[in-house]
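K.L.:
I need the structure of the sequence given here:
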Amino acid sequence: MKTIVSAFAAGLIFAVGLAVGGMTQPSKVVGFLDFFGAWDPSLAFVMGGAVTVHMLLYRFVTKRSSPLYDDAFHIPTRRDFNLPLIAGSALFGIGWGLGGFCPGPGLVSVPSFGIEALVFVGAMVTGMLGYKLARG
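P.N.:
Numbering: from 1, shown residues only. The predicted structure follows:
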């Protein structure tokens with residue numbers, strides 16, 4: 001039960017942070033990506049804050065022998081770049097730029113029933129299911 005409550009609390013804090021930071025507003029995200037138009041640099045501060053918090057806490061947390069609710073840390077060890085990784089990253093970036101959402105803010109925006117969020121999350125779920133079917 002502690003694991004579920006902890007995961008819920010982390011997700012809730014993440015969702016509130018996305019909303020407060022403006023990441024759930026597609027116009028703000030598209031404005032951030034519009035370098036040659038009406039560029040809005042405010043999301044750089046949101047990302048900078050997130051990277052700073054992660055950088056500080058990662059060093060602190062990984063000094064423990066294990067996480068609070070698991071037996072071991074599950075830290076990726078692969079360091080190579082391959083075509084699927086590069087293609088997936090490009091598709092993610094294109095989807096983010098066209099839709100104004102990435103997966104987290106898209107999911108946080110669904111309860112608003114905004115057409116942009118519903119279309120984005122629907123397309124995201126379709127893509128995930130398509131991938132699963134293609135990979136078997």
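
K.L.:
Would you map the helices across the protein?
P.N.:
2-21, 26-33, 42-61, 83-99, 103-109, 115-135 (DSSP state H).

K.L.:
in this protein, which helix or strand is least confident?
P.N.:
Least confident element among the helices and strands of the chain, by mean pLDDT, DSSP states H and E: helix 26-33 (a mean of 83).

K.L.:
any idea what sits nearest the most centrally placed residue in the chain, other than its immediate chain neighbours?
P.N.:
Note on the chain: the residue nearest the mean C-alpha position is residue 104, at 4.6 Å, using CA atoms, centre = their mean. Once flanking residues are discounted, residue 104 sits nearest to residue 18: 5.9 Å by CB to CB, 6 or more residues apart in numbering. Where C-beta positions appear, they are placed from N, C-alpha and C, glycine not excepted.

K.L.:
show me what contacts the one you found?
P.N.:
Going by CB atoms under 8 Å, 6 or more residues apart in numbering, residue 18 touches 24, 104, 105, 108.

K.L.:
among these, who's most crowded?
P.N.:
The most crowded member of these, judged by other CB atoms under 10 Å, is residue 105 (25 neighbours).

K.L.:
And the nearest residue to that residue once chain neighbours are set aside, how close does it get to residue 70?
P.N.:
Excluding the flanking residues, the one nearest residue 105 by CB to CB, 6+ apart is residue 23, at 4.3 Å. Computed as CB to CB, to the nearest Å, the residue 23 to residue 70 distance reads 28 Å.

K.L.:
Perfect, that will be all.
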